[in-house]
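Engineer: Sequence plus the predicted model coming up.
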Amino acid sequence: MIRVAVTGLSAAGMEHARWFASNSDVELVGVLDTDREVAETCSRKLGVPVFADIDALIAAKPNLVSVHSTSSARAGHVRALIEADIHVVASLPIVPDPTDLALLGALARERGVILAGDFHFRYTPAVHKAKAWIAEGSVGTPLFINVNFFARKNDTTDPAELFRNLGTHGMDLVRVFAGEVTRLQCFATKPSNRRSWSTAQINLHFASSETPGPVGTLTLSEDMSLLH
């Protein structure tokens, strides 16, 4: 039986908590969120405790924590969990700063703890089906891949938020189908009322045993509804 906990009850965090609570191989030991009302609602629905803070969560001795904490709290939560020898799977970005991520990765290796990113798009049924078509040769040799990621997001002062939020998932997904990226070119834009880049077109060239390798495009936008 794996003992798990969830920090940050966003839509993704709630989905993880619901799945853990329904899985007979898992014991959901509790949840943590900065919004106490949200945490209490989740607690009533799933019948699990609410932790007051990350120290209380660690004291419950979970084997694994699914981290969906806010950007400001995330690095501290992940570090505290690793130092307590607790495995971590975190939504993306694992932590906002790449330098912090490298340090946390080194700490996890030193302590023999798993630190994993939640690249959940690669595990969807549609991706499995498409990979099967490629493996069995029914679509021929892939020459190009086009992927679009859209989400309606509020404005932010962080110019890299688009790439951390949607780009991490998008780059992972194109690599699932086409392999490692060897060259890329990016153009980004934004409406006049936004402060950060909010739409980007990324052109990609992939490594391959064939010469030249496949090409592709990745379109990211936080200006378009998913219901467009």
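Structural biologist: Yep, it's here. Everything numeric in this text was worked out from a predicted model, so none of it was measured. Numbers count the residues shown, from 1 in each chain.
Engineer: what does the helix or strand bottoming out on mean pLDDT in the chain contact?
Structural biologist: Within the chain, confidence by mean pLDDT, DSSP states H and E is lowest for helix 161-162 among all helices and strands, at a mean of 88. For helix 161-162, the surrounding residues in contact (CB atoms under 8 Å, 6 or more residues apart in numbering) are Lys153, Ala188, Ser196, Trp197, Ser198, Thr199, Ala200, Leu220, Glu222. In short, each C-beta sits where N, CA and C put it, glycine included.
Engineer: number of nearby residues for the third one?
Structural biologist: Residues within reach of Ser196, counting by other CB atoms under 10 Å, total 16.
Engineer: got it, and the last one?
Structural biologist: Other residues within reach of Glu222, judged by other CB under 10 Å, total 23.
Engineer: before we move on, what about the first one?
Structural biologist: The tally of other residues near Lys153 (other CB under 10 Å) stands at 16.
Engineer: pretty sure it is touching Arg194, no?
Structural biologist: No: shown here, Lys153 and Arg194 do not form a contact pair, counting by CB atoms under 8 Å, at 9.8 Å.
Engineer: ok, back up a step: and the least confident helix or strand of the chain, how far from the chain's centre?
Structural biologist: Relative to its chain's centre, helix 161-162 lies at 13 Å (CA atoms, centre = their mean, to the nearest Å).
Engineer: Which other helices and strands does the helix or strand that contains Val147 contact?
Structural biologist: For Val147, the element it lies in under DSSP states H and E is strand 144-150. In terms of contacts (3 or more CB pairs under 8 Å, 6 or more residues apart in numbering; DSSP states H and E), strand 144-150 is packed against helix 168-178, strand 215-221.
Engineer: Can you show me the CA trace of it as CSV?
Structural biologist: The C-alpha trace of strand 144-150 is given here as CSV (Å, rounded to 0.1, in the frame of the first residue of the first chain):
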residue,chain,number,x,y,z
PHE,A,144,6.4,16.4,-39.6
ILE,A,145,4.4,16.9,-36.4
ASN,A,146,2.2,19.8,-35.5
VAL,A,147,1.0,20.3,-31.9
ASN,A,148,-1.2,23.1,-30.5
PHE,A,149,-1.6,24.0,-26.8
PHE,A,150,-4.2,26.6,-25.9
